[in-house]
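J.: model this:
(one chain, ligands or ions: 2)
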Amino acid sequence: MSETIRVLLSEEEVDKRIAEIAAKISEDYNGEQVHMICVLKGGVFFTCELAKRLTIPVSMDFMSVSSYGADTKSSGVVKIVKDLDEGIEGKNVLVVEDIIDSGRTLSYLLEYLRNRNPKSLKLCTLLDKPERRVVEVDVDYTCFDIPDEFVVGYGLDYAQKYRNLPYIGVVELG
Ligand SMILES: O=P(O)(O)OC[C@H]1O[C@H](OP(=O)(O)OP(=O)(O)O)[C@H](O)[C@@H]1O
Ligand SMILES: Nc1nc2[nH]cnc2c(=O)[nH]1
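T.: Residues are numbered from 1 along each chain as shown. Ligands and ions are numbered 1, 2, ... in the order given. Alright, predicted model coming up:
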């Protein structure tokens, strides 16, 4: 089967929107330090692009949570593959994700982090597919709502491919 990629959001559109969200986050935290938690692997490109544009003090940590494997459908079972290196008690935590789909991953992760007593806990996502929601999640910052299509690029993969595309595309199988 052949795979082609149709552009959904261009590099320029994504970059412009990330700059807008970064300005909003910088304003909201009002000079306080933010502790960004990048959710690997997909969140890594967005985290870097967002972090570069923040004008408040930033610290960072990384977690890896998996529920998709090589499939395009969530298994529904969330697994922590890599935990945080440092504690988050008393910190302004900002979880940075590439996409929220069913909501299962983020619902699980936010609850897990809330139990570690951060000063504040917010969620920022590059993409959201609201139509797909199975579990409710409060999202503080969303760059784009997108339709129910399987997307790749800007960190998002299809069987580990296409993460490096500088735009968001839809995989079309021929
Ligand atoms: O809302 P949900 O249906 O739970 O889906 C969202 C999750 O799916 C993706 O991760 P994935 O498991 O593909 O891991 P990866 O980032 O390492 O590719 C994405 O990064 C989210 O963590
Ligand atoms: N690559 C990719 N991962 C996802 N995880 C949840 N939804 C998606 C999607 O549309 N694309």
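J.: residue contacts, residue 134?
T.: By CB atoms under 8 Å, 6 or more residues apart in numbering, the residues touching residue 134 are 102-104. Where you see a C-beta, it was placed from the backbone N, CA and C, and this is true even at glycine.
J.: please enumerate the strands of the chain.
T.: 3-9, 34-40, 58-66, 79-82, 92-100, 120-128, 141-145, 151-152, 168-173 (DSSP state E).
J.: mean pLDDT and mean neighbour count added to the ones you listed, as TSV?
T.: TSV is the format used below for the strands of the chain (pLDDT from 0 to 100; neighbours: other CB atoms under 10 Å):
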stretch	mean pLDDT	mean neighbour count
strand 3-9	96	15
strand 34-40	97	22
strand 58-66	94	16
strand 79-82	91	12
strand 92-100	97	24
strand 120-128	98	22
strand 141-145	98	18
strand 151-152	97	24
strand 168-173	95	18
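J.: what's the closest of the contacts of residue 134 to residue 158?
T.: Taking CB to CB as the measure, residue 158 lies nearest residue 102 of these, at 17.3 Å.
J.: skip the chain neighbours and tell me the closest residue to that closest one.
T.: Excluding the flanking residues, the one nearest residue 102 by CB to CB, 6 or more residues apart in numbering is residue 134, at 4.3 Å.
J.: how much space between that neighbour and residue 104?
T.: Look at residue 134 and residue 104: by CB to CB, to the nearest Å, they are 6 Å apart.
J.: run a quick neighbour tally on the residue nearest to residue 165 when sequence neighbours are not counted.
T.: Spatial nearest neighbour of residue 165, chain neighbours left out: residue 153 (3.3 Å); criterion: CB to CB, 6+ apart. Residue 153: 25 surrounding residues under other CB atoms under 10 Å.
J.: relative orientation of the biggest helix by length in the chain and strand 168-173 in degrees?
T.: Looking across the chain with DSSP state H, the single longest helix is helix 11-29. Between helix 11-29 and strand 168-173, the angle formed by their directions is 130 degrees, by axes from the mean of the first three to the mean of the last three CA atoms, to 10 degrees.
J.: how long is stretch 44-62 end to end?
T.: Its start and end residues considered, stretch 44-62 measures 9 Å (CA to CA, to the nearest Å).
J.: who in the chain is up against ligand 1?
T.: Applying CB under 6 Å from any ligand atom, we find that the chain lies next to ligand 1 at 39-42, 65-68, 74, 97-106, 157.
J.: go again using 8 Å as the cut-off
T.: Taking CB under 8 Å from any ligand atom as the contact definition, the chain meets ligand 1 at 39-43, 64-69, 74, 78, 81, 97-107, 109, 129, 132-135, 137, 155-157, 160, 163.
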